[in-house]
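I'd like to go over a predicted model; first the sequence, then the structure.
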Amino acid sequence: MFFDLQYALFAVPAAVFSMWAQYKVHSTFKHYSHQGARSGMTGAEAAAAVMRAGGVTGISIERHQGFLSDHFDPRARALRLSPDVHDGRSVSAIAVAAHEAGHAIQDKVGYAPLVLRSQLVPLANIGNRLWFLPFIIGAVLTGSQSALGPTVMMVGVAMFAAVVLFQIVTLPTEFNASNRAKAVLAQTGIVSTQEEALGVSKVLGAAAMTYVAAAAAGILTLIDLILRTQRRD
């Protein structure tokens, strides 16, 4: 059912885009990890400075294991930075750390897409884990000529749609965090040259593409699933 021409038409472009985005973010981060910033700050120090400039208080900055595992946890009031970012003094480290600090600023000002994304997390987690169950059950029922089949399949589609909605809402959240980070880095002088600013933009731009790729893959998969509910063969 899944390994047919329709699946290939939707899945292959999404997979290629996702692989390219992952390659781009890793290669760009690696490239600018060899370029030091004149400020001499570590990623952790830059994140703290960006949050101070944004009026953010009460957020801990923690060292978190994993490559590019950096994230802001609003519930724990913690900014978690991977070792390369937390301890690094490169343009890459400062860019990623400042981006995560941008999320903390969003949380402080109540940035609407961030608030909505946080509200969607439980629904998206459930949908991501369980959408295939009603979809497959519905497909089996459809194959046995049951009138309930398409309806049950659409339950699975609706659950997956919640995942796609989360991915779409993530896009403005990520782009806005990067814009906030770049603005504060320039205003505070943490990034002081055009070369450093260009490096920050390239690192954050490459990272943003991973979210664009995820959203594109989700949308293509959703279209595929919807089309499958219309099939009767």
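Cool, the structure landed.

where does the residue lying farthest from the centre of the chain land on pLDDT?
Of all residues in the chain, Q145 sits farthest from the chain's C-alpha centroid, using C-alpha atoms, centre = their mean; the distance is 40.2 Å. At Q145, the predicted lDDT confidence score is 86.

and the helix or strand that A197 is a member of, what's its mean pLDDT?
In the assignment (DSSP states H and E), A197 maps to helix 194-230. Mean per-residue pLDDT for helix 194-230: 95.

for stretch 24-43, same thing?
Here the mean pLDDT over stretch 24-43 is 95, rounded to a whole number.

wait, a strand at L79?
Yes: counting by DSSP: H, G, I helix; E, B strand; the rest coil, L79 is found in a strand.

what helices or strands is the longest helix seen in the chain leaning on?
Ranked by residue count, the top helix of the chain under DSSP state H comes out as helix 149-188. Under the contact criterion of 3 or more C-beta pairs under 8 Å, 6 or more residues apart in numbering; DSSP states H and E, the helices and strands touching helix 149-188 comprise helix 43-53, helix 91-109, helix 112-130, helix 132-143, helix 194-230. (C-beta placed from N, C-alpha, C; glycine too.)

got the contact list for the first one?
Outside of helix 43-53, the residues that reach it under the criterion C-beta atoms under 8 Å, 6 or more residues apart in numbering are 39, 41, 57, 59, 61, 63, 79, 81, 85-89, 93-94, 96-98, 100-102, 104-105, 181, 184-185, 187-188, 190.

just the buried subset of those, please.
Among the contacts of helix 43-53, those scoring as buried are 39, 41, 59, 61, 79, 81, 85-86, 88-89, 93-94, 96-98, 100-102, 104-105, 181, 184-185, 188, 190 (criterion: 16 or more other C-beta atoms under 10 Å).

any idea how far Q35 is from the residue farthest from the centre of the chain?
Relative to Q35, Q145 is positioned 64 Å away (C-beta to C-beta, to the nearest Å).

how about A214?
Counting by C-beta to C-beta, the gap between A214 and Q35 amounts to 28 Å.

do the same with Q187
The span separating Q187 from Q35 equals 21 Å under the rule C-beta to C-beta.

now swap in M51 and tell me
Using C-beta to C-beta, M51 is found at 24 Å from Q35.

give me the more crowded residue out of those two.
Counted by other C-beta atoms under 10 Å, M51 and Q35 do not tie: M51 has more neighbours, with 23 against 13.

the more buried one and D70, how far apart?
Separation of M51 from D70 (C-beta to C-beta): 14 Å.

what of S18?
The separation that S18 has from D70, given C-beta to C-beta, amounts to 19 Å.

in terms of neighbours, single out the busier of the two.
Neighbour totals were compared for S18 and D70, and D70 leads with 23 against 17 (other C-beta under 10 Å).

quick one: contacts for the more buried one?
For D70, the contacting residues are H64, R80, L81, S82, V85, V96, A97, H99, E100, taking C-beta under 8 Å, 6+ apart as the criterion.

cool, R38 as well?
The neighbours of R38, taking C-beta under 8 Å, 6+ apart as the test, are S192, T193, E196.

which of these tops the neighbour count?
E196 (23 neighbours).

A37 is in contact with that residue, correct?
Yes: using C-beta atoms under 8 Å, E196 makes contact with A37 at a distance of 5.6 Å.
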